[in-house]
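Engineer: Take a look and give me a structure for this.
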Amino acid sequence: MQAPEEEMTFKEKMKYYTTLTLGTTACVSSFIFMFTIPWVLDPSISTLMANFNPDPVVCKTVYFEQRVGTTNCTWSSCKIGCSIDMYACDMIYVSYMNVAFEDYDGQEPGDENGTIWLAQGVPLLVNIKACGYPPKVNCSVFADKYGEAESIFSCYYSRVDKNLVITDYNWNDEVSNIIIALLVPNILCAVSVGVVSYWWYPGCQKRRCQYQLPPDQEDASINTTNDEDDDEEKDESGEEGQGSFKYDNEMSNKKSRSLQEEEKDLDTTINMPEE
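Structural biologist: Numbers count the residues shown, from 1 in each chain. Below you'll find the predicted structure:
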């Protein structure tokens, strides 16, 4: 007959399910951080390194073409999915002025010195990687909005590469994406692993004086402590016996000495020499 298993207490159940939840959180956080590297960190860091002009300028579409076929699509202004092959592509070319979009009045200024146009006939990209996923990136809407010839809109150009132009840019949003992608999954993973280690690692429980031995080891430790206590009691009793024996010997010696001295005092006879 097997002994019936003891039911877990409420505290033990809470500890078990909390540990399971924290372990799952740590694993999921690690996978999330790995996925944020190509999807969030790399595009945001590349965007910041491109050093885009924070103030939008005036862009004008000069050419638009739709191509089909992997050999014909060497690049695309917008692509759904950053890791798939292109079978169809939208190529949008624009020219942008050295005029802030908020100062543009709808009329193209004269270009007497040839400095009004900063670049002409450069590719327009939806973002730094020219790709994305719905709902943030919708290539059909992008092509309808910016592919019409002679359309005017705002755009951002890179001060590192004048041929790099995108439609949307916000420095604060890119920094926020980097901070969130770095801190949130890593903090969740570190906290989860720390709590689980503190609960289940024996070294942590020893420092709290709450380390519990298995039942068989507890019995062995109890027996050893009892044997040690018995030995100590025997040693103490032996020391007490030896001490009492020494004390009795000292008292008997003192009594014998006192008797000898008394006999000497009583012996007052004078021994006369014989004639």
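Engineer: in a helix, that's where Thr19 is, yeah?
Structural biologist: Yes: counting by DSSP: H, G, I helix; E, B strand; the rest coil, one finds Thr19 located in a helix.
Engineer: I'd like the distance between the closest residue to it other than its chain neighbours and Thr9.
Structural biologist: Nearest non-adjacent residue to Thr19, counting by CB to CB, 6 or more residues apart in numbering: Val196, 5.6 Å away. C-beta here means a position set from N, CA and C on the backbone, and glycine is covered the same way. Look at Val196 and Thr9: by CB to CB, to the nearest Å, they are 20 Å apart.
Engineer: Which of these two has more residues huddled nearby?
Structural biologist: Val196 (18 against 9; other CB atoms under 10 Å).
Engineer: just checking, what packs against the strand or helix carrying Asn172?
Structural biologist: In this assignment (DSSP states H and E), Asn172 forms part of helix 171-200. Here helix 171-200 touches helix 10-36, helix 42-50, going by 3 or more CB pairs under 8 Å, 6 or more residues apart in numbering; DSSP states H and E.
Engineer: Least reliable of the ones you listed by average pLDDT, please.
Structural biologist: Lowest mean pLDDT of those: helix 10-36, a mean of 90.
Engineer: and it with helix 42-50, angle?
Structural biologist: 50 degrees (axes from the mean of the first three to the mean of the last three CA atoms, to 10 degrees).
Engineer: For helix 10-36, which helices and strands make contact with it?
Structural biologist: Judged by 3+ CB pairs under 8 Å, 6+ apart, helix 10-36 is in contact with helix 171-200.
Engineer: Give the lowest-confidence helix or strand of the chain, using mean pLDDT as the measure.
Structural biologist: Lowest mean confidence among the helices and strands of the chain (mean pLDDT, DSSP states H and E): helix 215-266, at a mean of 54.
Engineer: hang on, the earlier thing: just the buried positions in the helix holding Asn172, please.
Structural biologist: For helix 171-200, burial by neighbour count (16 or more other CB atoms under 10 Å) applies to Glu174, Asn177, Ile178, Ala181, Pro185, Leu188, Cys189, Ser192, Val193, Val195, Val196.
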